[in-house]
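Student: Structural data only, the sequence is not supplied:
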């Protein structure tokens, strides 16, 4: 097998000086994630210095490093390791003869990226590459680029932002042939005056489109016109997706099935019937964006349909666990990785469509909502009522306003509790669970509800 990078290639790409002859098969900037044969990039930041972890990285099997000073290990010395990582990402992109797809949006980025990877990897026979985890920021994106194998046919990169201008920088690095915006919603609204400003910031992804590139945008969004105009300014071919009758890739029919949906979609002049292994209208919408992208890069739609049927839910983003209990199996729906008003609504609606005797929602606070936070959290009550949720556990001070209103008769779950931490929520859930429930766990990652999920999935209930 050909190495991902040799020492001389790294030096050429970064303008650095090689000390030692080595070859690497992977790239990492966290010494704890280094595997045998990896390149360790010693990033220097405000809080820590990667050079302190060089010995640990090599103990874990690193074959070489990128550093800013001389060290006692094989390395390439550069002036700035962060810029060197970006340079390595650019060099990776330049040498690959790959179709590149960029994905952004207020919700659904990672799920859409994973669906796209599964769809394209199946038809390309393992020649597809995507961002690892949710590495979608100023260091995660160049890292994902630098990891791209030479023979990649399709590269899929997730790009995130919480301030204006961030996507502009990332998309100029990725230079996608296809740019997808999944949805626009009040995420990170603490840093934006309104949702229109969020849409403008998301539209920055079109600035990096390659000549003749394609913009894939949600036809059902109230910001469709803004997104379309922004994409057209950069010469993009516009492809819309969604349930709207004028969408270019449209869901003609959807049928709920146990654990998923059966979708008949119109893609251009063709009709495609496929199954999605995950339930929810938002998942159907994301799958339409996937089909649009597969078509745009010349992929195989039939293979994409088969891949969507086989793709399981992601940890923290819809994974479903059957947990044994004396009173009957519990279905635990893990949405613990992130939350904003749009994804919270989608998750609760998904719970509503889950046939179980009792429905329980463990909801963590939605972060970065600024002065509108109390209102957004209060808006959850009617969603829970419509979903016929029997019991809710609210985690975090952001829910104080909602809990107070529920206490004075606001329509919502018949039983509810409020606590400050994920540990408290875990104990409350253990005390109240009877067996046979569908339990939704949803909240921003910083709330720590993933620990609640782990405690139940690992058999400690």
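Tutor: Structure received. As the structure is a prediction and not an experimental result, all values here were calculated from the model.
Student: the helices in the stretch 151-300 of the chain, which residues?
Tutor: 166-174, 195-202, 224-233, 281-296 (DSSP state H, counting those that start in this stretch).
Student: mind checking the SS state of residue 439?
Tutor: For residue 439, the assignment made with DSSP: H, G, I helix; E, B strand; the rest coil gives strand.
Student: now swap in residue 338 and tell me
Tutor: Applying three-state DSSP: residue 338 is coil.
Student: Under the pLDDT cut-off, which ranges of the chain? List them.
Tutor: 1, 188, 258-259, 459-461 (pLDDT under 70).
Student: ok, now with 80
Tutor: 1, 45-47, 187-191, 256-259, 313-314, 355, 459-461 (pLDDT under 80).
Student: From the centroid of it, which residue is nearest?
Tutor: The centroid of the chain falls nearest to residue 110 when counting by CA atoms, centre = their mean (2.1 Å).
Student: tell me which element it falls in.
Tutor: Using DSSP states H and E, residue 110 sits in helix 109-124.
Student: How far away from the center of its chain is that helix?
Tutor: 12 Å (CA atoms, centre = their mean, to the nearest Å).
Student: Report the angle between it and helix 281-296.
Tutor: Following axes from the mean of the first three to the mean of the last three CA atoms, to 10 degrees, one obtains 40 degrees for the angle between helix 109-124 and helix 281-296.
Student: How about helix 109-124, which residues are buried there?
Tutor: 109-124 (16 or more other CB atoms under 10 Å). In short, each C-beta sits where N, CA and C put it, glycine included.
Student: For the stretch 301-450 of the chain, which segments count as strands?
Tutor: 319-323, 330-335, 358-364, 391-395, 415-419, 437-442 (DSSP state E, counting those that start in this stretch).
Student: returning to that earlier point: indicate which one of the helices of the stretch 151-300 of the chain is closest to residue 274.
Tutor: helix 281-296 (7.7 Å; CB to CB).
Student: Doesn't residue 8 belong to a strand?
Tutor: No: going by three-state DSSP, the assignment for residue 8 is helix, not a strand.
Student: I'd say it and residue 18 touch.
Tutor: Yes: taking CB atoms under 8 Å as the definition, residue 8 is a contact partner of residue 18 at 6.0 Å.
Student: what about these two, which has more around it?
Tutor: For residue 8 versus residue 18, neighbours defined as other CB atoms under 10 Å are more numerous around residue 18 (19 against 13).
Student: and that one, what are its phi and psi?
Tutor: Per-residue torsions, residue 18: phi -80, psi 140 (degrees, to the nearest 10).
Student: give the contact list for it.
Tutor: 7, 8, 10, 11, 75, 76 (CB atoms under 8 Å, 6 or more residues apart in numbering).
Student: just curious, which of these is nearest to residue 356?
Tutor: residue 10 (53.5 Å).
Student: in what helix or strand does the nearest residue to the closest one once chain neighbours are set aside lie?
Tutor: In this structure, residue 10 finds its nearest non-sequential neighbour in residue 76, 4.7 Å apart by CB to CB, 6 or more residues apart in numbering. Assignment of secondary structure by DSSP H and E places residue 76 within strand 75-77.
Student: Parallel or antiparallel, list what pairs with that strand.
Tutor: Note on strand 75-77: by DSSP bridges, its sheet partners are strand 17-19 (antiparallel), strand 64-67 (parallel).
Student: Please identify the most buried of the ones you listed.
Tutor: strand 64-67 (a mean of 26; mean count of other CB atoms under 10 Å).
Student: quick one: that strand to chain centroid distance?
Tutor: Centre to centre, stretch against its chain (CA atoms, centre = their mean), the figure for strand 64-67 is 29 Å.
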